[in-house]
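>>> For reference, the sequence and a predicted model appear below.
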Amino acid sequence: MSRLAPTPPQTVGPFFHVGLVREGMNVMASERTEGERIRIEGRVLDGEGKPVTDAMVELWQADAHGRYRHPAHAQGGVRGGTPGERPPSASDDTSSPGDAAFAGFGRCGTDDDGRYWFETIKPGPVPDPDGDQARHINVAVFARGLLHHLSTRLYFEADPAHETDPVLRRIPEERRGTVIARRTGGGGPPTYRFDIVLQGPDETVFFDL
Amino acid sequence: MTPAHTVHADFPPYLYDAYRATVRRAPAQPLVQLPRTLSERTGPGPAVSAASAGDADLTTNGGTGAQAAGERIILTGRVVDDGGTPLARTLIEVWQANAAGRYRHRHDQHHAPIDPNFIGFGRCLTDERGVYRFTTIRPGAYPWQNHENAWRPAHVHFSLFGNALPSRLVTQMYFPGDPLLDLDPIFNSIPTSAARDRLIARYAHDVTQPSWALGYRFDIVLRGSEATPFEPREHEHAVQR
């Protein structure tokens, strides 16, 4: 089947806050959301280790039970879906499963030190035809100088499910650590640190979706 | 260092020297191929698609009661996936400079006036046929620091989620006949003229409203959630109407 050529991307530029970032978009969980409250924080760094102060980070994650708030999850995501099946449209949203008090989406611009943070809940393991995936959050990074956004995943430190995760297995072992968030000390909710390194020796693994 | 592959042959590369900010920000390692798990076959689009009617008129959504200054335009088009299926009720977010080429942003130091009646951002949902429509003003060109005497061509930033993570698109829409396009490294980072052409709106006289606003049409094709390889088409504007 012939496909239409997709519209090419362009950089988000330095002024995206005007349109995309509003206060509170990085607070993803409300009082009614089920699950363990966590905080995710980190920095976006360039190839010289300098903070990227005009990046935007987006998260997409499942709820505490591993359900995405999306109709594709209800339509047999556990089976892996039917090949060639038309993607669901937003109009099917009433069939979306998952915690009604959790959309699973967050967005945060980096500050003058390149820092970002989110308040969310720890996602449950997402089902996969070959067994559950390890708990993870899908991460997209946009910035001036990124002509197309970058996609990665955030996994949680000390999860035995990493051994069998279908995505982690595709990453060379020596680079796997770049997608694993580290638990940090201190008070408040459990906090995971996840730095995103765009380039260099500690470069984060990015995916071709 | 081997530059990271691009996701599509006619998408811009991550490293494009003429656009200087890419040099220290482009990943050097190749992208890792992902299987299409449930995480990639879902995405935030359906859960976040909400907008109110007033959000789509950037000439009035500043809320001051007065009109934004500039040449009023109507931007409309269709959003489809790469299989040609219209995306109904999907969110589109746009942002842009004002008519003088100034963003309402603390980091924009261009010596051009702020328009108190223009905030420069809007959002709307597509209808059942995948059609969106904004009313705004034509943005001005503005200088930037990339190289000597660098000016960005007039553009409107677009952000869409589509139905799944691979559909996510942030891009810029340009205006036909702009002489700055040939000089712009961001636009020219797209490797083929056919693909660059897909970012240029078309003047649409059937959209133009008498004594009110000029019309432009800009259709958008989002990648689908299925991992079907892209086949180039000779007919680049199949979805133009």
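That came in fine, so what should we check first?
>>> per-domain residue ranges of chain B.
According to automatic domain parsing, chain B comprises the domains B:1-33, B:38-222.
>>> Quickly note the distance from residue A:205 to chain B.
6 Å (CB to the nearest CB, to the nearest Å). No exception for glycine: its C-beta is placed from N, CA and C like everyone else's.
>>> Which of the helices or strands spans that residue?
Per DSSP states H and E: residue A:205 is located in neither a helix nor a strand.
>>> Output the domains of chain B in CSV; the columns should cover mean pLDDT and distance to residue A:69.
Formatted as CSV, the domains of chain B follow (pLDDT from 0 to 100; distance: least, CB to CB, whole Å):
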stretch, mean pLDDT, distance to residue A:69
domain B:1-33, 85, 25
domain B:38-222, 96, 5
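>>> out of those domains, nearest to residue A:14?
domain B:38-222 (6.0 Å; CB to CB).
>>> can you give me the end-to-end distance of that closest one?
End-to-end distance of domain B:38-222 (CA to CA, to the nearest Å): 19 Å.
>>> Is stretch B:102-116 positioned near chain A?
Yes. Applying CB under 8 Å from any CB of the partner chain, one finds stretch B:102-116 touching chain A at B:103-105, B:107-108.
>>> Residue 192: what's it in contact with?
Unless you meant another one, I'm taking chain A. Contacts for residue A:192 (CB atoms under 8 Å, 6 or more residues apart in numbering or on different chains) come out as A:38-41, A:154, A:156-157, A:181-184.
>>> Correction: the question concerned chain B.
Residue B:192 neighbours (CB under 8 Å, 6+ apart): residue B:10.
>>> mind pulling up the phi and psi values for it?
phi -120, psi 150 (degrees, to the nearest 10).
>>> And for residue A:12?
phi -70, psi -20.
>>> burial count for it?
By other CB atoms under 10 Å in any protein chain shown, the residues close to residue A:12 number 27.
>>> Before we move on, what's the pLDDT of the closest residue to it other than its chain neighbours?
For residue A:12, ignoring the flanking residues on the chain, the nearest one in space by CB to CB, 6 or more residues apart in numbering or on different chains is residue A:142 at 4.1 Å. Looking at residue A:142, its pLDDT is 98.
>>> does residue A:142 really touch residue A:16, like I thought?
Yes. Taking contacts as CB atoms under 8 Å, residue A:142 lies within contact range of residue A:16: 7.0 Å.
>>> Mutual contacts of the two, please.
In contact with both residue A:142 and residue A:16: residue A:56, using CB under 8 Å, 6+ apart.
>>> Secondary structure element for the residue nearest to residue A:12, which one?
strand A:136-143.
>>> Okay, now the sheet partners of whichever helix or strand comes after that strand, with direction.
Counting by DSSP H and E, the next helix or strand C-terminal to strand A:136-143 is strand A:150-156. Its sheet considered, strand A:150-156 pairs with strand A:136-143 (antiparallel), strand A:180-184 (parallel) by DSSP bridges.
>>> same question for strand A:150-156, mean pLDDT?
In the prediction, strand A:150-156 has an average pLDDT of 98.
>>> hmm, who's touching that strand?
Outside strand A:150-156, the residues that touch it by CB under 8 Å, 6+ apart are A:40, A:59, A:122, A:134-141, A:162, A:165, A:167-168, A:179-181, A:183, A:192, A:194, A:196, A:198, A:204-209, B:14, B:27, B:34, B:39, B:165.
>>> Beyond the helix or strand where residue A:72 lies, next helix or strand please.
Secondary structure from DSSP H and E places residue A:72 in helix A:71-74. Downstream of helix A:71-74, the first helix or strand assigned by DSSP H and E is strand A:105-109.
>>> between the helix or strand that that following strand is followed by and strand A:105-109, how many degrees?
Next in sequence after strand A:105-109, counting helices and strands by DSSP H and E, comes strand A:115-121. Between strand A:115-121 and strand A:105-109, the angle comes out at 160 degrees (axes from the mean of the first three to the mean of the last three CA atoms, to 10 degrees).
>>> Please identify the buried residues of strand A:115-121?
Going by neighbour count (16 or more other CB atoms under 10 Å in any protein chain shown), the buried part of strand A:115-121 is A:116-121.
>>> circling back: among the strands paired with strand A:150-156, show me which one is buried the most.
When these are scored by mean count of other CB atoms under 10 Å in any protein chain shown, the highest mean neighbour count falls to strand A:136-143 (a mean of 25).
>>> Identify all contacting residues around that one.
Residues contacting strand A:136-143 (CB under 8 Å, 6+ apart): A:11-12, A:16, A:40, A:44, A:52, A:54-61, A:120, A:123, A:126, A:149-156, A:165, A:167, A:194, A:196, A:198, B:25, B:39-40, B:165, B:168, B:170.
>>> show me the contacts for residue 118.
Picking chain A for this. A:26-28, A:39-41, A:59, A:106, A:108.
>>> Please refer instead to chain B.
Residue B:118 is in contact with B:58-59, B:62, B:68-70, B:98-99, B:104, B:137, counting by CB under 8 Å, 6+ apart.
>>> switch the cut-off to 7 Å
Shown in contact with residue B:118 (CB atoms under 7 Å, 6 or more residues apart in numbering or on different chains): B:58, B:62, B:68, B:98, B:137.
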